[in-house]
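Trainee: using only what follows, build the 3D model:
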Amino acid sequence: MMIQYKETKLIDDKDLRQLYESQSWKSYLDKFDDLSILLQNCQIVYSAWDNETLVGLVRTVGDGVSIQYVQDLLVLPKYQKLGIGGELMKHVFKKSEHIRQLVLITDAGVDTEYVRNWYEKQGLVQLEKADIKGFLRLK
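Mentor: Numbers count the residues shown, from 1 in each chain. The predicted structure is shown next:
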């Protein structure tokens, strides 16, 4: 298997839908008829492909100068633990070197400890360890 990485916002809804469905991200699936709209105003969109199959995606939003949010990071389940997520994050880190804050917020799911350990392995620090507070409004 040879994974190809692309930096493009031109990804079809059907490809995105398959990836988001694999993670059961219903908040996106139920809300948007065309998921490609999610990519239009992103700072970074970087994807991983196995031939014609979208197997991973990271997208960020922000001002491109002082703050960048990793909005989504997804890898198809059968492609997880192959280094694809790490490669996607490396690209974000490289493209965001000049940005003061890189922020990622994730759901507290079943594999919380695994996810936390994985993000720390990528060089991210939990807010509580960074001596800052986070606040969130959900709709």
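Trainee: show me the shaky parts of this structure.
Mentor: When the per-residue scores of the chain are filtered using pLDDT under 70, the ranges that remain are 107-111, 129-133, 135-139.
Trainee: OK, contacts around Ser22?
Mentor: By CB atoms under 8 Å, 6 or more residues apart in numbering, the residues touching Ser22 are Leu74, Leu76, Pro77. Glycine gets a C-beta too; all of them are placed from N, C-alpha and C.
Trainee: quick one: residues in contact with the biggest helix by length in the chain.
Mentor: Under DSSP state H, the helix in the chain containing the largest number of residues is helix 84-95. Helix 84-95 is contacted from outside by 3, 5, 7, 43-44, 46, 48, 55-58, 60, 68, 70, 73, 75, 102, 118, 121-123, using CB under 8 Å, 6+ apart.
Trainee: from the contact counts, what lies against the helix or strand just after that helix?
Mentor: Using DSSP states H and E, the helix or strand that follows helix 84-95 in sequence is strand 101-104. Here strand 101-104 is seen to pack against strand 67-75 when contacts are counted using 3 or more CB pairs under 8 Å, 6 or more residues apart in numbering; DSSP states H and E.
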